[in-house]
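K.L.:
need a structure here:
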Amino acid sequence: MDPVYGYEAVNVEAQSRDRSSLLNWMKRLLQVRRSSQAFGRGTLRFIRPGNRRVLVYLREYGADTILCVANLARSAQPVELDLADHKGAVPIELLGRAPFPPIGELPYLLTLPGYAFYWFRLSREAEAPPWHDERGAREDLPVLVLIQGWSSFFPERVAPWRANLASALRAQLEGRVVPGFLATQRWAAPAGVALGQTPAARGAGLAGATLIDWSVPQADERWLVAIFEVKSGAQAGEYFVPLTIALEDTDEARYRRLQPAALARVRQHAATGVLADAAADEDFCRRVIEAVGDARQLPTQLGHVRCTPTRAFAELRAAHPGELPLVPAGHQGSNTTVRIGDGFFLKIIRRVQSDNNAGVDVARYLTEVAHFPNSAPLAGFIEYQRGDHTCTLALLQAFVSNQGDGWDYTVNHLVRFLEERVTQPAAPATAHGLYLALMHTLGTRTAQLHGVLAAAVDPELTPEPITAADLDAWRRSALAAATAALDRLAEFAAQLAPGPAAAAATMLARRDALLRSVAAGPTELPGSLKIRCHGHYHLRQVLLRRNDFIITDVGAAGQSVAAQRRRCSPLADVATMLRSFAYARRMALQQCSLISANERERWESQLDAWERETRNAFLGAYDEAARGGGLYGSLTEVMPLLRLFELEEACAELQRELPGRPDWVGVPLRTLAALTV
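P.N.:
Numbers count the residues shown, from 1 in each chain. Have a look, this model is predicted:
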């Protein structure tokens, strides 16, 4: 009859309702254990760390390796684990599916609260968490013996009797140092090469990187603004690689900070130091802000670099005075991004492409003319001009405090929903209520962005009516994508797992029906507009802030210049966002630790309902605002075009997934099956 522990308080019904109850916790634990045969059938190998209060062992079965770590003490304990045999693997914590930093050469450090434990799956396929920053300095760095600072690389700037030494240093820089650096960078990874591969694999065919243009600094300058060209191989192209030299004796703190970004070790007389990527240098990033604010110009050997502030710069700088600390931005993609305090976000465009403005015209319009409140303000930009060609080297934007991007929010919402359904099968009617309200807001903001872009009067941004020729071109593009995707599917079908293989066989049998679906696209859409769109719009490109959204990278997502400046129907952005919903559900199903791989199929119906409700909420809000903005007459009229864009995007996804992630081909195949008539 105890009021706290009696049967009226502690019973099956009450425990089932409480997500943190012992009953539900045990259910989750059993579900996780059933997800891997290594627990029951795997070999047992103990690891004996120095801290004997922590029990550590490995369970291995086939390719599945589970690392178990348990703190047997009542107090928190640290432990260092020798996991050198699993170097490069990413530990995935099985209860929450959270990725931990990858295992390296040093002992792996963990801390555990009293009586706590971890179960990790050591994965070779998973990527490191996006916030992970590899801070260790490379041990195999080449050594450069400098003659006279930056002049050491330019024979014409040293004494004649040292010219041969300078030429040799220049050859070493171009032949080994910079190519070795490019081979380790995500932004220089060739298309189609996995980022998880070794630097040697990513740099295959990279014979050298020629310094084609530079700004020779004065004697007191620490940075070299450099453009390198790779002439052959998969990485062929021009790259913006600003460099800096830090000597240990004269600037020890800066020298230590730049160790992870070092390209080479340097020695000048008795002093030692590093040659490093200046993008990791706090002083360089602060100097960039100053240069933008002062609208400086920097001459180079073949052209010049011009810094331009927007009208928003003065206000943003006044709001964040003084020195701003450099904050690593974590995951790096095709560019290098750096957060500078709470004021600015610096994006360095590494690939130098002629006439590539990285969406500067769109960003300036949204900041200075439209004053669109749901995009990150542009503070300034840096352009490089050589001859008749101009390209963007860097964008300086206002940093927008946020609660994460739409992708993480969506995946986490779905993981929680699935976990609740495992322990509490009956879903309440409002299970997705708050999420759907946010998607309604996202649909409205998307249409408002398109409406603002459709109101532009600048010749580079003005909208145009959609013509029959446009519709014909889009149909031909979709038809080419569908044909290529089906051919690729036939090539890889025999290599797929049984589930995806069955879906692939069904789609190949319906090849003619899919191609007819493409041909059934619209032939005319009177009153509809094509505009400068976002270009690569998905949940990663929207930041959640106070139950609203900030849209990032507007007009700058495409790598090709033509893709950035092309006008298209705004429905192309809508289609890529809808595809993002389809991928989020697949990711959530994979991350839910309570659902094993062989049980995922039975949860598809609940995720089907979620995706249907989400699409309806997003499209309903988008349609209401888009019609008000004059983008089209009615959603019913333009739905065939939206369907065409979504079909083309699914075909492109299928081509990407088949060679790299064959277990994900079910995502585009499901969409193609639904869109095929």
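K.L.:
shaky segments in the protein?
P.N.:
Applying pLDDT under 70 to the chain flags the ranges 133-139, 190-207, 217-220, 328-333, 358, 556-565, 677.
K.L.:
other residues contacting the helix or strand where residue 253 lies?
P.N.:
Assigned by DSSP states H and E, residue 253 falls within helix 252-257. Under the criterion Cβ atoms under 8 Å, 6 or more residues apart in numbering, residues 246-248, 273-274, 280-283 lie in contact with helix 252-257. Where C-beta positions appear, they are placed from N, C-alpha and C, glycine not excepted.
K.L.:
nearest to residue 490, of those residues?
P.N.:
Of all those, residue 280 has the smallest distance to residue 490: 46.3 Å, by Cβ to Cβ.
K.L.:
ok, the nearest residue to that closest one once chain neighbours are set aside to residue 321 distance?
P.N.:
Leaving aside its chain neighbours, residue 280 sits nearest to residue 261 (3.5 Å; criterion: Cβ to Cβ, 6 or more residues apart in numbering). Counting by Cβ to Cβ, to the nearest Å, the separation of residue 261 from residue 321 is 27 Å.
K.L.:
who has more neighbours out of the two?
P.N.:
Per other Cβ atoms under 10 Å, whichever of residue 261 and residue 321 has more neighbours is residue 261, with 19 against 8.
K.L.:
for that one, grab phi and psi.
P.N.:
The phi/psi pair for residue 261 (degrees, to the nearest 10) reads phi -100, psi 10.
K.L.:
hmm, it is touching residue 282, no?
P.N.:
No - using Cβ atoms under 8 Å as the test, residue 261 is too far from residue 282 to be in contact (11.4 Å).
K.L.:
what ranges do the helices span in the stretch 101-250 of the chain?
P.N.:
Using DSSP state H, counting those that start in this stretch, the helices found in the stretch 101-250 of the chain span residues 163-172, 178-182, 199-202.
K.L.:
how is the protein carved up into domains?
P.N.:
Using automatic domain parsing, the domain ranges for the chain come out as 15-123, 406-424+431-675.
K.L.:
so which elements touch the helix or strand harbouring residue 412?
P.N.:
Applying DSSP H and E as the criterion places residue 412 in helix 406-423. For helix 406-423, the packing partners by 3 or more Cβ pairs under 8 Å, 6 or more residues apart in numbering; DSSP states H and E come out as helix 22-34, helix 433-454, strand 542-545, helix 571-591, helix 604-628.
K.L.:
turn the ones you listed into CSV, columns for distance to residue 143.
P.N.:
Conversion of the helices and strands packed on helix 406-423 to CSV gives the following (distance: least, Cβ to Cβ, whole Å):
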stretch, distance to residue 143
helix 22-34, 49
helix 433-454, 51
strand 542-545, 43
helix 571-591, 44
helix 604-628, 55
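K.L.:
quick one, which of these gets closest to residue 224.
P.N.:
Among the helices and strands packed on helix 406-423, strand 542-545 comes nearest to residue 224, with 34.4 Å by Cβ to Cβ.
K.L.:
send me that closest one as CSV with only the CA atoms.
P.N.:
C-alpha atoms of strand 542-545 as CSV (Å, rounded to 0.1, in the frame of the first residue of the first chain):
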residue,chain,number,x,y,z
VAL,A,542,17.5,25.7,-43.3
LEU,A,543,18.4,26.7,-39.7
LEU,A,544,15.8,26.4,-36.9
ARG,A,545,15.6,29.6,-34.8
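K.L.:
distance from the chain centre to whatever helix or strand comes next after that strand, please.
P.N.:
As assigned by DSSP H and E, the chain's next helix or strand after strand 542-545 is strand 548-551. Relative to its chain's centre, strand 548-551 lies at 17 Å (Cα atoms, centre = their mean, to the nearest Å).
K.L.:
next, format the helices and strands packed on helix 406-423 as TSV and append distance to residue 229 and mean neighbour count.
P.N.:
Conversion of these to TSV gives the following (distance: least, Cβ to Cβ, whole Å; neighbours: other Cβ atoms under 10 Å):
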stretch	distance to residue 229	mean neighbour count
helix 22-34	51	16
helix 433-454	35	20
strand 542-545	35	20
helix 571-591	33	22
helix 604-628	44	18
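K.L.:
residue 493 is nearest to which of those?
P.N.:
Within the helices and strands packed on helix 406-423, the stretch nearest residue 493 is helix 571-591; the backing value is 19.9 Å (Cβ to Cβ).
K.L.:
just want the angle from that closest one to helix 406-423.
P.N.:
40 degrees (axes from the mean of the first three to the mean of the last three Cα atoms, to 10 degrees).
K.L.:
how far does helix 571-591 sit from the chain's center?
P.N.:
Chain-centre distance of helix 571-591: 15 Å, with Cα atoms, centre = their mean.
K.L.:
kindly report the same for stretch 92-105.
P.N.:
How far stretch 92-105 lies from its chain's middle: 18 Å, per Cα atoms, centre = their mean.
K.L.:
list the buried residues in it.
P.N.:
Within stretch 92-105, the residues that count as buried by 16 or more other Cβ atoms under 10 Å are 92, 94, 97, 99-100, 102-103.
K.L.:
for these, which one is nearest residue 372?
P.N.:
For the buried residues of stretch 92-105, the nearest to residue 372 is residue 99 (34.7 Å; Cβ to Cβ).
K.L.:
give the contact list for the closest one.
P.N.:
By Cβ under 8 Å, 6+ apart, the contact list for residue 99 reads 90-93, 123, 126-129.
K.L.:
ok so, going back, just the contacts of helix 252-257 now: which is nearest residue 541?
P.N.:
Nearest to residue 541 out of the contacts of helix 252-257 is residue 280 (Cβ to Cβ; 25.2 Å).
K.L.:
gap between that closest one and residue 246?
P.N.:
With distances taken as Cβ to Cβ, residue 280 is found 10 Å from residue 246.
K.L.:
any residues in contact with both of these two?
P.N.:
What both residue 280 and residue 246 touch, as defined by Cβ under 8 Å, 6+ apart, is the set residue 258.
K.L.:
alright, calling it a day.
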